[in-house]
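J.: whatever this is, show me its structure:
(one chain, ligands or ions: 1)
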Amino acid sequence: MRKILVIGSAGQIGSELTLKLRDLYGNNNVIAGVITSNPPKKLSETGPWEKVDVLDRQELVAAVRKFKVDMIINMAAILSATGEENHMLAWDVNMNGLINVLEVAREFKMKQVVVPSSIAVFGPSAPVNNTPQETVLKPSTMYGITKVAGELLGDYYVEKYGLDVRGLRYPGIISHVTLPGGGATDYAVAIYYEAVKNGRYTCFVNENTRLPMMYMPDCLKSTIDLMQADFSRLRRHCDYNVGAMSFSAGELAASIKKYIPEFEITYEPDSRQEIADSWPDSVDDSAAREDWGWKPGYDLDAMTRDMLEAVREKHQVGLI
Ligand code: SER
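T.: Coordinates of the predicted model:
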C-alpha cells in the first residue's frame with residue numbers, strides 16, 4: 001500500500017485530492033501536508049496531517065520519516081497572477097519547493113512523485129488552437145517559466161536517477177469546495193459564487209477570452225489516472241496536455257443564464273487579461289488519451305448545473 005504525502009493539501013486541488021485519495025487508499029495512508037498549524041477540519045478529522053512548508057527541507061524530511069512516506073504529490077504553488085505581483089516568491093516556491101521534493105524523493109527512493117504543470121507553459125508564440133503536445137514553450141509569465149523549468153527538472157530526475165516522476169498540464173480548474181487563489185482563471189469560479197449570491201458578476205477578462213478549462217471531478221480523475229498508469233506505457237513524464245472543455249467568458253455567462261435567466265455580467269479587464277491572452281484556447285491531449293486512456297466526463301452545461309447546485313447549497317447554509 002502506498003503512503004502518500006500531499007503537499008499543499010489545503011489548496012484548491014489539494015483539499016479535494018487528499019480526500020479522494022483517502023477514499024481510495026485508506027485514511028491513514030494519505031498524509032495532508034499543510035503550511036499552517038491549523039488545517040481545515042475536513043483534512044484533520046479524516047486522517048493524518050503534518051505541517052510541511054515545501055521550502056523547509058528538514059520539515060519535509062521529518063514528515064517523510066514520521067509517516068514512512070513513499071510517494072509525494074506536490075500541490076504547493078504560487079499561481080500566475082500572484083506570480084506577476086511577486087515574481088521572487090513564485091520562483092522560490094515553485095522552483096526551490098520542487099527541487100526540495102525531488103531531492104527528498106531521490107534520497108528516500110520514493111515509489112512515485114507527482115508534480116503538476118499547467119497550460120501556462122505556453123506563451124504567445126505557441127499555436128492557440130488545439131495547442132500541440134510538442135511545441136514552442138516560451139511563456140511570458142514567471143509562473144509559466146517555473147512550470148517549464150519544473151517539467152524539465154522532473155524529466156531530468158526520471159532520466160538521471162530513475163525516479164518515477166509524473167505530471168500533467170492542468171487547464172483552469174473550476175470547483176466549489178476550496179477557492180482558487182491568485183490565478184488568471186479564477187473568474188471561472190468566482191462567476192458561479194457571484195451569480196448565486198448577487199445575480200451579477202464583473203469579470204476581469206473580456207467576453208471573448210477563451211481558455212481551456214476543467215471541472216474538479218475531471219481534474220481529480222486525470223491526476224489519479226496518471227498516477228495509476230503503468231510506467232512502461234508512458235512515453236512522456238511530466239508534461240502531458242490534458243483537455244476537457246474550452247469556452248469564452250461570454251459562453252460561460254450564457255451557460256449560467258440558462259439556469260439563472262436574470263444573471264447579468266459586465267466586463268472590466270485588468271492585468272490578468274494579458275496573462276489569459278498569452279495562453280492557448282484549447283489543447284491537443286491525444287498523448288494523454290493514447291498513453292493512459294484520458295477521457296474527460298464534464299462539458300460546460302453539465303459543470304454549470306453541478307456548480308450552481310453546490311454553490312446554492314453553500315449559500316443556503318450560510319457558508320458563503
Ligand atoms: N489556473 C492557473 C492560473 O490561472 C493556471 O494553471 O494561474
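
J.: quick one: contacts for the closest residue to the ligand within the chain?
T.: Closest to the ligand within the chain is residue 183: 2.7 Å, counting by Cβ to the nearest ligand atom. Quick note: C-beta positions are derived from backbone N, CA and C, even for glycine. Residue 183 makes contact with 79-82, 172 under the criterion Cβ atoms under 8 Å, 6 or more residues apart in numbering.

J.: swap the cut-off to 10 Å and go again
T.: 12, 77-83, 118, 120, 143, 172-173, 189, 272, 275-276 (Cβ atoms under 10 Å, 6 or more residues apart in numbering).

J.: with adjacent residues omitted, what lies nearest to residue 139?
T.: Distances taken as Cβ to Cβ, 6 or more residues apart in numbering place residue 123 nearest to residue 139, at 4.2 Å, with adjacent residues excluded.

J.: the one you found against residue 279, yeah?
T.: Yes: the pair residue 123 and residue 279 passes the contact test of Cβ atoms under 10 Å, sitting 8.1 Å apart.

J.: which one's more surrounded, the two?
T.: residue 279 (30 against 18; other Cβ atoms under 10 Å).

J.: and the gap between the more buried one and residue 163?
T.: Counting by Cβ to Cβ, to the nearest Å, the separation of residue 279 from residue 163 is 29 Å.

J.: near the ligand, from the contacts of residue 183?
T.: Filtering these for proximity to the ligand by Cβ under 6 Å from any ligand atom leaves 79-80, 118, 120, 143, 172.

J.: among those, which are in helices?
T.: Secondary structure from DSSP state H places 80, 143 of those in helices.

J.: the ligand contacts on the stretch 101-250 of the chain?
T.: Within the stretch 101-250 of the chain, the positions near the ligand by Cβ under 6 Å from any ligand atom are 118-120, 143, 170, 172, 183-185.

J.: closest to residue 156 out of the residues you listed?
T.: residue 118 (18.7 Å; Cβ to Cβ).

J.: can you get me a residue count around the closest one?
T.: 28.

J.: repeat that for residue 120.
T.: For residue 120, the count of nearby residues is 30 (other Cβ under 10 Å).

J.: cool, residue 173 as well?
T.: Neighbours of residue 173 (other Cβ under 10 Å): 24.

J.: and what of residue 316?
T.: 10.

J.: quick one, phi psi at the nearest residue to residue 284 once chain neighbours are set aside?
T.: Closest residue to residue 284 apart from its sequence neighbours, by Cβ to Cβ, 6+ apart: residue 130 at 4.7 Å. Main-chain dihedrals, residue 130, degrees, to the nearest 10: phi 50, psi 50.

J.: quick one: residue 130 and residue 246 touch, right?
T.: Yes: using Cβ under 10 Å, residue 130 is in contact with residue 246, at 9.2 Å.

J.: what about those two, which has more around it?
T.: Taking neighbours as other Cβ under 10 Å, residue 130 and residue 246 compare with residue 246 leading, 19 against 16.

J.: hey, C-alpha coordinates of the one helix or strand the more buried one maps to in CSV?
T.: Using DSSP states H and E, residue 246 sits in strand 245-248. Only the C-alpha atoms of strand 245-248 are listed here, as CSV (Å, rounded to 0.1, in the frame of the first residue of the first chain):
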residue,chain,number,x,y,z
MET,A,245,-13.5,21.9,-22.4
SER,A,246,-12.8,25.3,-23.9
PHE,A,247,-15.1,28.3,-23.6
SER,A,248,-15.1,32.1,-23.6
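
J.: I'd like to know which elements the helix or strand just after it is packed against.
T.: Note on strand 245-248: by DSSP H and E, the next helix or strand toward the C-terminus is helix 249-259. Applying 3 or more Cβ pairs under 10 Å, 6 or more residues apart in numbering; DSSP states H and E, one finds that helix 249-259 contacts helix 187-198, strand 200-203, strand 210-215, strand 245-248, strand 264-267, helix 300-316.

J.: helix/strand/coil for residue 50?
T.: strand (DSSP: H, G, I helix; E, B strand; the rest coil).

J.: partner residues bridging it?
T.: residue 33 (DSSP bridges).

J.: against residue 36, how distant is it?
T.: From residue 50 to residue 36 the distance is 11 Å (Cβ to Cβ).

J.: comparing these two, which shows the higher neighbour count?
T.: Comparing residue 50 with residue 36 by other Cβ under 10 Å, the one with more neighbours is residue 50, at 20 against 10.

J.: can you confirm residue 73 is in a helix?
T.: No: using three-state DSSP, the assignment for residue 73 is strand, not a helix.

J.: right, and it touches residue 223 too?
T.: Yes: in this structure, residue 73 is within contact of residue 223 by Cβ under 10 Å, at 7.8 Å.

J.: what's the overlap in contacts for these two?
T.: 13, 17, 21, 114, 116, 166.

J.: re earlier: just send the residues of the stretch 101-250 of the chain next to the ligand back as JSON lines, with pLDDT too.
T.: JSON lines is the format used below for these (pLDDT from 0 to 100):
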{"residue": "118", "pLDDT": "98"}
{"residue": "119", "pLDDT": "98"}
{"residue": "120", "pLDDT": "98"}
{"residue": "143", "pLDDT": "98"}
{"residue": "170", "pLDDT": "98"}
{"residue": "172", "pLDDT": "98"}
{"residue": "183", "pLDDT": "97"}
{"residue": "184", "pLDDT": "98"}
{"residue": "185", "pLDDT": "98"}
